[in-house]
Each structure stands twice: as structure tokens, then as C-alpha cells.
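> Pasting the sequence and the predicted model now:
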Amino acid sequence: MAQTIEHTATATAGRYLTFRLGTESYGVQLASVREIIRLCPITPVPRMPSHIKGVINLRGTVMAVLDLRAKFRLDHAEMGERTCIIIVQVNIPGSNSTMMGAMVDAVEEVVQLTQAELEATPDFGSGTDTQYILGVATIRGGVKTLLDIQKIFLEEGTIAISSNPKLDK
Amino acid sequence: MSVISSFSNVASAVEHLGLIAEELAFVAPNEDTGLLSINRSVMELSDLIHPETPEPIKAAVLAAKGWMDSSLDNGCKLSAATIESLGKWHGWMDAAMEATRLGEKCPDVLPEWSSKDAGAIPGKIATKVAQEPEAAKDLGEEPAITLNLDSDRDLINEFNGESAELLANIEQGILVFEENPDDSGTIDSIFRAFHTFKGGAAFLHLGAIRDLAHDLESMLDAIRKKELRINSDITDLILAGTDALKSFSREITAQLRGVGAGTPILVPTLELRERAKSATKGGSAAPLGKAKAPAAAPVAAAPKAEAAPAAKPAAPAAAPAAAKPASATPPAKAPVKAAAAGAGAGGGGGGEGGATGFVKLDTGKLDSMVDLVGELVIAQSMVVQNPDVQKINSLQLARCLRQLSRITTELQRNAMSLRMVPIRGVFHKMSRLVRDLGSSTQKQLTLILDGEDTELDRNIVEKLGDCLIHMIRNSCDHGIENPTDRAAAGKPPVGVIHLSAAHQRGGIVIRVQDDGKGLNTEKILAKATERGLVKPGAVLSDSEIHSLVFLPGFSTADIITDLSGRGVGMDVVQRNIDSLRGKVEITSTPGKGTTFTIVLPLTLAIIEGLIVGIGTDRYIIPTLAIRESFRPRAGTIYTVQQRQEVVNVRGKQTPILRLGNHLGRPVRAVNPEEGIIIVVESGDAARGILVDELIGKQEVVIKSLGKTFEHQNLLAGSAVLGDGWVGLILDVDTLVRLTPPPIKTVAAA
């Protein structure tokens, strides 16, 4: 239970961009979203965790793309017609901000969430990792999970990867 | 809030303090290292002061400014006392900034900073006061300047190029200022221009220029502080001053071109200085010559006065006659000089610009242009390789496309060359350093320079400077023995440091070689063991021991000197070189000397890479590291313990690294005979990298992979390939070290 209270960030009212992963709906603060691009060729980077999809070239800038499905350990799905990449500006403390992409199944809409629509993350018990969840919002009967996208990317931004080879056989 | 605004921008003040702190870490008594940088930061700080700034901070900044001024006036050396004061000052400023930020009252200023003589070098009485006689009756002999073209040619050239621009700014600015005497921005910029000018001149020991700029600057400072109001006399004086400085500049230009090189340059400045001083004190800035006009000209020696009218026909009428002799030269050379100066004056404003042939521009703009050209090259090849375009069967289109690619290639080459600068500037700074080190260590040193014309990326040159300083200090302090020890070892008394640069295999090799006592491996090992860097009893090869000196905090010096021994230094070298994607190696023979070898890429922006295919992936291997590539014949590959494979490359059994397997990516060439082996090497290690196919060789613009991948060392970066895809650049250094002996792999897993 202690795990769920690891961070104190909670969702605040404001504009959110919502998107789908499978049948679920998620939201991220619009302020950190730079743009949304259609799926483009992604160069896989070897020896990376599976949720690091690879790198793309966005008008000359090379940036990492995260597969949010893999990150949250959802079922694997084929990339569809509506699959797209949300480009997020990540502010790294003590450094310049950088851009990264998050691959999602489909982008839904931009919504204005009021404080009344926001709810703290429910206590799922210790089995569920909620450290990236800011809260949930109920809009028109649907539940949207609000993600701390900065935190997700910040952690990915500093993942340590062992360069020691496994014996691939 | 009002407190925060009182030091108009605390954040930027803190930033400048940070810069000063960095520089302070490297200063040494009686050296000029860091002086100009600190001076600049102090200037910036003093620009941040405005009326609401708390009095103590104001006083402290002014005090620091005073120290910097005196240091500049004092042969451009930071005295030990100044350094100590700066250290104390910096601590105080930090505290004061913190207090300001928190809205607290700032600490009291130390009494010695607020005192009247807050400009004097601490611990030394102001030296300048004495030489300021009240009356300008006898101005004394005009000081001449002599250029040290042998050692400072590049610095002088740079200074001269810069000065033309500064003087133009001053002239322009002062005219604007006369119209709007309340425009503090303009006066600040003029003041700063003079200050920069003075700094540069002082650095090059151009005394007469420095003094003139100094006095004019002091006068401008008074105007800036509203103690003095500008009038036409002052404007005239400033213009006359800039004219005099321009005359110097023209002479310097001529000497740089080889006209009368090395002869003293004499331009009358004393009269101008007197007027500036008198104006600063609130007196008249009018030409002294108004009272005694006939006397003023002869002061500058008769022959010159005659040469003057010819050299400077276009002199503004407002300027006083005595300030005018443009080209004051020793009589023997007078005709030549006058002609040269005349030519310069004839060219008018363009004369100065044309003389140097340089354009100053913002490095940010340059970098972004180089980036854009890189993008253009990619876009161009995307068009050419576009399948739809390739379907069009038109000779004309093919011709146009060829033309396009020729132009883009040429453009790229030109853009790249813009960033290339000769290494000479850095090298010459080193000769200064060695000269200074020699006198402070009581050793006899000579520096031999080689390959100064070697060009490399200016970003590299900038970082290289620091590395060389550390290595040369290290050589002087630890390497070269003192004359008695040298004599005992049967060596000539003069220690020789050989600094060379050369192109080698598409990169740059820089060597620092000394003929000193060499590295003491036993001592290094003992020290490393003592610090727990090496396990007691470990057996290391000599080269492994040598590389220990690059560890942070490592120093074998028993005594910490000003020069080295603090344990920072060689790890800075290693870090800087790493960040430049270069390598540094040490070889050392006891009693014979030590050689540092730095291998650097030519440029940071592009590399030539071999694009290889593995499955559906493409990777880029820098050609710099590739020795050869071949398709192995069946039966030439042997296995060792069924785990490792080796292939005979020119008589040497070379381990094979199956790249696809290693990267965990699907491959097409299951048997080595179906693939290609690329032999790469780094240092002493070599590996045969097995890939599926060779796709092509291409120059690629290196893009950083960003934070996400900075903790891996398998990839050195990425590049956008012709079709818009991202290709990953492999780090060869890692690759050759990676293929682990089976035993270690098991241990690691």
C-alpha cells in the first residue's frame, strides 16, 4: 500500500489529451504535448527493454519512442490505421528539455477537466503499479486514467542498460 | 519582489558568479589564465547593477572591477593577493546573492572593499597614481609599442580584426550618444567596447594602446555614472582617441602583412590621455594645444608631424592637430609607413574590414547552418532515391538531379569547412604557457611546435585547449626534471616538450612528448593501491598502470604545487577527449620521457560511415575504425571451445563477433560464408564483425540519441539515412572490447 503513495503529484484541472490503449482510455496534460504524428518508420534499437520501441526522425531530430502498451504490460496489439505517436516535451531537471514520442493506439480528443471531474487514484492494493497515475476522471460515463507522462519519460530518459551481452542461443 | 528586482537579475548574476568560480579553479599566481574570462564576468556583473542594488553588493562588484582593472594594467597577471581576494569575494558574493534571493538583508561588505582605494591591487599600493602630474607641461616621451609577431601573431591578428569592429562601434555609438545624452544603453556599449579593447591590448602587452583605452574608458565611466556630462569637446576627444587607436590598428595590419615587421609603432597618445584625465576630473577635454598649439606637435617628434598630413588627409576637421599624426614611425621607415597608412586611410571604412578578411558571426548561426545543410543533403538524396521519381524516364530530370546532388555535396563540403580552424591558436597559447611555467618552476623549457596548420572543427579546438594545458602543465611539473637532475642523468639542461598535430587516417593525432623522467610506475601503483583504486598485490601491465593517472583525483605529486598535484587534471583530459569521441594514450619510458597521444575525429558533426545490413536493420560503422572487409571462404573460420570463432586476417587470428546475435536481432547470414566480415580495430584490439551485407559508404550527419540512450555504450549516435530512416552508429570501441572470453561472460551473466 505504501507503494501507491510514493509520489504526491495529483491531477489538476486543465486541458488533457485523451487517447486509447486497447479498450482503455488515458489522458495526459496537454501542456506537455508538442504534436501528434502518424506512425512513421521506427528504427528498433537493440538491447533495449521491449517498451522502448526505437527511434524516429522527426524533421531532422532523432528521438526515442515508447510503446505505452508495453510499458503498462498490456496485451500486444498490431499497429493499426489509427496508431500514432504523441510527441511530448520532457523537462529534465538541470538540463535542456528533450522530446520523446509515445506510441498509442488512437488519439481521441482534447478535454477540459474541472476539479469536480477529477478523482484521486483508487487504492488497488499492492498488486497494481500506480506510480505513473495522477488520478482518474469520469467524463460522460467513461473513465479516463490520467498519466504522469513527465515521470514516465523521465524514468525512461535515464534508464541504465547493461551492455553486457547475453549469450544469444 | 522589489528586493529581487533590486539586483536586476539575480539569476544571471549567479550564473556569472558560477563562471567566475570555474575560472578561479584554474588561475595561478602571476599568470594570465582566466583573467580575461573573469574580467568579462565581472563586467557583466557590474552591468547588472542599477540604482536599487544594495550598497554592499555595489561596493563589492566595484571592488572586484577595480582589481581586474589593476591586474589588466599590471602586465595582465593575477597576483596571489588578487586571487585570494577574489576567492574571498566570491564566497561573499554567493552569500549575498543567496540573501538577496531569499529577500534577506545582505551581509555587510568587508571594509577594505568599500574604501576609497578599492581599485588598487590588494596588498599593493596603486602604482598608477604617481604618474599623473597635474600640469601637462612636459608629457614625456611618447611610448611606442612593439609587436611580438613571432609568438603572438595569431592573437594579434585576432585582436586587430576585433579592434576594427570595436572602433567602428565606438565611433558610431558616440555620435548617437551626443544626440541623446540620456541613452544609457549606448554609453554602456561604448564603455564596454573600450574595456574589451583595453583587455585585449593589455593581454598582448601593447602598453600605449592599453593606457589610452584605459583613460578614455575612465572618462566614459564618469559619464556613465553621470558625474560628467558629454559635450562636444569630449566627443572630439573620443573620436580623436579612436583615430589614434585606428592608426595603431593600421600599423599592426601593415606589420602583420610583413611591412616593417617588428619595428616599434609610435602614435602620440600622451596628449589625448592628459585630456581624458583632465576631463574625468571635471576639467576641460579641449585640446591642450589650444593654449600651446605649436608646442603640441613637436612633442611627437618632428619627422612624424611632417608625415602626418600626407597619411591622414581625411582627418575630421574637428580633431585637434596634435592627435593626428597617423603613422608615427622611426624616421628611416617613414616613407614606407606613410604610404601604407595612406592606403589604409584611402580605403576608408572598408579598409579595416578588408585588411583582415574575416567576418565575425554567431557560432549558433553557423552550427544551425551546418545542421540545415546536413538536412538538405538528406532531403536531396530522399528525392533522388524516391521510387516514384526513379520511375520517371527522363534524361533531363536525371541531369537536373545530378546537378542538384553535385551542388548539395559541394555546399556541404563548404559548410563543413566553415567550422574548420587551424590548431595554431591553441598551440601558440601553449608556448606562452610553457614560457610562464619555465619561469615559475625554475626549469629550462623549450616547446617545439609541429603541424600548426592542421585544421579541425572549432568545437574540438575549443575543448582541446583545456586538455593541452593540463597535459603540458603535467609534463612541465612532473615530467621534466630540474637542470641539476637533468645534468646528473646526462641530459641537456633544457627540457624539450614536443607538441605536434597531424592528419592520420581521417582523424587528427596530437602528441605531447617530453624528454623528462617518465612515469614512475611503481609510485603510481603504490599510490593507486593506497587509495584503493587497485587491489593490493594486483599485477598490472605498464600501460594499465599508466592509464591509472587518468582516474579522478589521482596525483602522485608529493607536494601540491600551484601547477598540479591537486588531482584534477588528467581526468579532465580524459573526460574532454571522451566527449570529443577521441582517445588518449600514454607511453612512457623511465628516464627517457612521456608521450601523450590524442586521437580525435576531424569534426564532430559528420563521419564517414559504412552502412551494413543485418536482417532488416541497418547500422553504421565509422570507416575510421575499419581496416578491411571481406567475404570469408568456407573453412577459414575456426571455433575455439565451440563458443568463439576466429578468422585469419593477414596472418593474425582475429575473433569474430556475430553482430546480429550480439544485438539480439534476426540475421540472414547464418553461416559466416554467407555474410561479410568487417575488420574493425580500436587501440590494440581488433574484431571481425560479421554482418549480412554491405549497403554502402556515406557521409552522415551525427545526431545525438538523446538522454534515453545515454547510459548505453553500444551506440555512438544515430544518423538520418537517405530514405529518412534513422540509422544507428555503432561504437567500435565497445564492440572490440565486448566479445568476451567465455569465462568472463559466464561470470557476468
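That came through, no problem.
> any idea which helix or strand comes after the longest helix along chain B?
Within chain B, and with DSSP state H defining each element, the longest helix by residue count is helix B:149-179. Toward the C-terminal end, the helix or strand that comes next after helix B:149-179 (DSSP states H and E) is helix B:184-203.
> Which SSE is immediately downstream of that next one?
helix B:207-224.
> Which other helices and strands does that following helix contact?
Judged by 3 or more CB pairs under 8 Å, 6 or more residues apart in numbering or on different chains; DSSP states H and E, helix B:207-224 is in contact with helix B:55-73, helix B:184-203, helix B:232-256, helix B:270-280. Glycine gets a C-beta too; all of them are placed from N, C-alpha and C.
> buried residues in the longest one?
Taking 16 or more other CB atoms under 10 Å in any protein chain shown as the basis for neighbour counts, the residues of helix B:232-256 that come out buried are B:233-256.
> so what does that helix touch, helix or strand wise?
Packing contacts for helix B:232-256, counted by 3+ CB pairs under 8 Å, 6+ apart, involve helix B:149-179, helix B:207-224, helix B:270-280, helix B:334-346, helix B:349-356.
> ok so, going back, mind listing what's buried along the longest helix of chain B?
Going by neighbour count (16+ other CB under 10 Å), the buried part of helix B:149-179 is B:152-171, B:173-174, B:177-178.
> so how far is stretch B:518-526 from its chain's centroid?
Using CA atoms, centre = their mean, to the nearest Å, the mean C-alpha position of stretch B:518-526 is found 33 Å from that of the whole chain.
> Touching it from outside, list them.
The list of residues contacting stretch B:518-526 from outside it, by CB atoms under 8 Å, 6 or more residues apart in numbering or on different chains, reads B:479, B:534, B:540, B:542, B:545-546, B:548-549, B:556, B:586, B:588-594.
> of those residues, buried ones?
Using 16+ other CB under 10 Å as the burial test, the contacts of stretch B:518-526 include B:479, B:534, B:545-546, B:548-549, B:556, B:586, B:588, B:593-594 as buried.
> Distance from the chain centre to stretch B:504-512, please.
Put simply, stretch B:504-512 sits 19 Å off its chain's centre (CA atoms, centre = their mean).
> Run a quick neighbour tally on the spatially closest residue to B:Pro143 that is not a sequence neighbour.
For B:Pro143, the nearest residue in space outside its immediate sequence neighbours is B:Ala208; the separation is 4.4 Å by CB to CB, 6 or more residues apart in numbering or on different chains. B:Ala208 sits with 23 neighbouring residues when counted by other CB atoms under 10 Å in any protein chain shown.
> Equivalent analysis for A:Ala77, please.
Here the count is done by other CB under 10 Å, and A:Ala77 has 12 residues near it.
> List the residues that contact it.
Under the criterion of CB under 8 Å, 6+ apart, the contact partners of A:Ala77 comprise A:22, A:69, A:105.
> Buried ones only from the residues you listed, please, as a PyMOL command.
In PyMOL syntax, the buried subset of the contacts of A:Ala77 is picked out as below (16+ other CB under 10 Å):
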select buried, chain A and resi 69+105
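> The contacts of A:Ala77 in helices, which ones?
With helices defined by DSSP H, the entries of the contacts of A:Ala77 inside them are A:Arg69.
> Chain B: which of the contacts of A:Ala77 is nearest?
Of all the contacts of A:Ala77, chain B sits closest to A:Arg69, with 17.9 Å by CB to the nearest CB.
> which bits of chain B sit near chain A?
Among all residues of chain B, those adjacent to chain A (criterion: CB under 8 Å from any CB of the partner chain) are B:371, B:374-375, B:378, B:617, B:661-665, B:703-715, B:718, B:720, B:724-728, B:734, B:738, B:740, B:745, B:748-749.
> wait, doesn't B:Gln442 sit right on B:Glu481?
No: the pair B:Gln442 / B:Glu481 is not scored as a contact, 11.4 Å apart, by CB atoms under 8 Å.
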